[in-house]
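S.K.: Sequence below, structure please.
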Amino acid sequence: MDKLTRQQQIRYLFARAGFGATLTELDEAFDRKSIRKVVRQLFDDSKSVQALHVVEPDETETKKQLKGLVRDGQFDKDMLKERIRLNAEKVRDLNLQWLDRMASGQGALREKMALFWHGHFACRTQGRNPLFMQQYANTIRQNALGRFGDLLMAVSKEPAMLQFLNNQQNRKNAPNENFAREVMELFTLGRGNYSEHDIKDAARAFTGWQFTPDGQFIFRQQVHDEGEKTIFGKTGSFTGEDVIAMLLANKQTARFITGKIYRFFVNETEDKKQIDTLAEQFYKNGYDIGDLMETIFTSDWFYEPKNRGAHIKSPVELLVGLRHTLGIQFEQPQSQIFVQRTLGQVLFYPPNVAGWPGGKNWIDSSSLLFRMQLPNYVLNATEVAVQPKEDGDVNTQLLARRGNARFRTKVNWADFETAFAKIPDTELTDALALTLLPFPLRPDQRTLIDSQTPGSQTRPERIQTLTVALMSLPEYQLT
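M.R.: Predicted structure coming up:
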C-alpha cells in the first residue's frame with residue numbers, strides 16, 4: 001500500500017469514527033503504522049466520559065416549584081412563560097455544551113457513537129425539561145460503546161423517554177401502547193417483526209414504569225398489570241424487564257441494529273452478507289457495541305472505494321467537523337443553533353420518534369446553498385441572508401436567533417498553518433485537500449482552486465484562502 005492510500009484511509013477512518021481530523025492528528029496516526037493500532041487508540045481515547053452538566057436536580061419541575069406558579073387556583077401565564085423560556089435556554093446550553101465536546105476531539109468515537117444513538121433512540125424534551133434531557137444525553141454517551149442490552153434498558157427507563165412515549169399514562173385497565181410499540185418497531189426489531197397482540201400485551205408488561213418530578217425512574221406496583229400476558233408465543237406474568245430480555249433474545253434485534261449501524265457508518269446501500277455476518281457476531285458476543293465497531297473499522301471492506309465519500313455529513317457532523325479542523329470558537333455560541341435549524345438537525349429536537357432520516361434527505365433546495373457557503377460564512381464573517389427552516393415547532397424557535405447577521409468566530413489559524421509548515425508551496429493545495437476532502441483533487445479542481453490565490457498573498461493568507469475554497473467544494477459535504 002502506498003503512502004497516499006494509507007493517508008486517505010486514515011483520514012476516512014477519522015471522518016467516519018469521529019468528526020474528522022487535523023493534519024497533526026493524521027500525521028500522529030500515520031506514525032502508528034497499522035490501521036488496527038489507530039483504531040485501538042480511538043477506543044482508548046474514548047474510555048472515559050465527562051458528563052454534560054447545565055442543570056441541577058433541584059432546578060427541575062418539582063411539584064413545589066409548579067405550585068409556585070399558581071395564583072388564585074390558576075397558573076400565572078407570565079410566570080409560566082418565563083419558566084418555559086428559562087427551560088428552553090437550559091436545553092440550548094445543553095445542546096451547545098455537547099457540540100463543544102464533539103468539536104474538542106476528545107473521545108471522538110464515543111461522541112460520534114452517541115450522536116448515532118441519539119438518532120436511534122430519538123427523544124425530545126416535553127415541556128422543555130432540561131434535567132430529563134441532560135440525564136438522557138449522559139445515558140447514551142455513557143453507554144455508547146458498551147453492551148446494547150445495558151443501553152436499551154437504561155434509555156427505556158429514562159424519564160425523558162418514558163415521558164416522550166407516554167408511558168406515564170400506561171396503567172392497568174387503561175394501557176397505552178405507544179412506548180411498547182416504539183421499543184419494538186424503532187429500538188429493537190424493526191417494523192413487521194411483531195404482532196399487534198405482542199404490542200398490546202407488552203404494553204401491559206410496561207405498566208408501572210414511571211418517573212418522579214425530580215428525574216428518577218420508579219416502578220409503581222399499584223398501577224402495574226400483574227395478569228398473564230402472551231408475548232412472542234410465551235405466556236407469563238411478564239414485567240417490562242422481561243420484555244426487554246425477550247427482545248434481546250431475538251436475533252432480529254441484532255440484525256436490525258447492525259443494519260442501522262452499517263448504513264450510518266459504512267454505506268446506505270446495504271451489503272446483506274456483511275451485515276448478516278456482523279449481526280451473528282454481535283448476537284454471539286452479547287451485543288458488545290465496541291467489539292462490533294472495532295470489527296467494522298478494522299475490516300478491509302470498510303476501506304473499499306465504494307464506501308469512501310458515500311456518506312453525506314449531517315448538519316451536526318458538518319458543523320462539528322468544521323470547528324474541530326480549524327479550532328473554531330463562536331463568539332456568540334447560540335449562532336450554532338441557527339446553523340442547526342437552518343440545515344434541519346437540532347440536537348434534542350428530532351422531528352419525530354423515528355429520528356432524522358439522514359442520507360440524501362439532508363440535501364434540499366432550501367439548505368444546499370447555505371451548506372455550501374457555511375465555511376465562507378464562518379471563516380470570513382460574510383453576511384448571512386437566510387432564515388432557518390420553518391419546522392412549525394415553537395420550541396426550536398425559542399432557541400435560535402434570526403438570520404441576516406454575521407457569524408463572529410475565532411479561528412486557530414496559527415496551529416493549522418504550522419501543521420503545513422514543511423509542505424512545499426507546490427504541494428500545498430494537494431496536502432490541504434488530502435486533509436479536508438474524501439477524494440484527491442481532479443486536475444480541473446486543482447486549477448480552479450489555485451486560481452483563487454493571488455501571487456501577492458503571503459503563505460498564511462494563501463493557506464486560509466485555499467482552505468475556504470476547498471471547504472466550499474461539494475466534496476467537503478461528504479465523508
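
S.K.: Domain ranges for the protein, per the record?
M.R.: 250-303, 413-477 (automatic domain parsing).

S.K.: among those, which is nearest His324?
M.R.: domain 413-477 (11.1 Å; CB to CB). From N, CA and C alone the C-beta is placed, and that goes for glycine too.

S.K.: how about low-confidence regions in the chain?
M.R.: In the predicted model of the chain, residues 1-4, 59-73, 75, 127, 389-405 satisfy pLDDT under 70.

S.K.: By residue count, which helix of it is the longest?
M.R.: helix 77-104 (DSSP state H).

S.K.: Of the domains of the chain, flag the one that's most buried.
M.R.: For those, average neighbour numbers computed from mean count of other CB atoms under 10 Å are highest in domain 250-303, which has a mean of 18.

S.K.: hey, where'd the strands end up in the stretch 301-450 of the chain?
M.R.: 329-330, 409-410 (DSSP state E, counting those that start in this stretch).

S.K.: cool, and the stretch 101-250 of the chain?
M.R.: Under DSSP E, counting those that start in this stretch, the stretch 101-250 of the chain gives strands at 209-211, 217-219, 229-231, 234-236.

S.K.: Point out the most buried one among these.
M.R.: By mean count of other CB under 10 Å, the strands of the stretch 101-250 of the chain have strand 209-211 as the most buried, with a mean of 22.

S.K.: Can I get stretch 202-209 in CSV, CA atoms only?
M.R.: Written as CSV, here are the backbone C-alpha positions of stretch 202-209 (Å, rounded to 0.1, in the frame of the first residue of the first chain):
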residue,chain,number,x,y,z
ALA,A,202,-46.1,-5.8,26.1
ALA,A,203,-47.8,-2.5,26.9
ARG,A,204,-49.4,-4.3,29.9
ALA,A,205,-46.0,-5.5,30.9
PHE,A,206,-44.6,-1.9,30.9
THR,A,207,-47.4,-0.6,33.2
GLY,A,208,-45.9,0.9,36.3
TRP,A,209,-42.7,2.1,34.6
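
S.K.: Off-centre distance for it?
M.R.: 29 Å (CA atoms, centre = their mean, to the nearest Å).

S.K.: Adding distance to Leu52, write the domains of the chain out as a markdown table.
M.R.: Output for the domains of the chain, formatted as a markdown table (distance: least, CB to CB, whole Å):
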| stretch | distance to Leu52 |
| --- | --- |
| domain 250-303 | 20 |
| domain 413-477 | 26 |
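
S.K.: and of the ones you listed, who's closest to Ile312?
M.R.: Across the domains of the chain, closest to Ile312 is domain 413-477 (CB to CB), at 6.1 Å.

S.K.: Now do the closest one: distance from first to last residue.
M.R.: 21 Å (CA to CA, to the nearest Å).

S.K.: if we can go back for a sec, who wins for proximity to Lys360 among the domains of the chain?
M.R.: domain 250-303 (8.3 Å).

S.K.: Tell me how far that closest one lies from the chain's centre.
M.R.: On CA atoms, centre = their mean, the centre of domain 250-303 falls 18 Å from the chain's centre.

S.K.: Perfect, that will be all.
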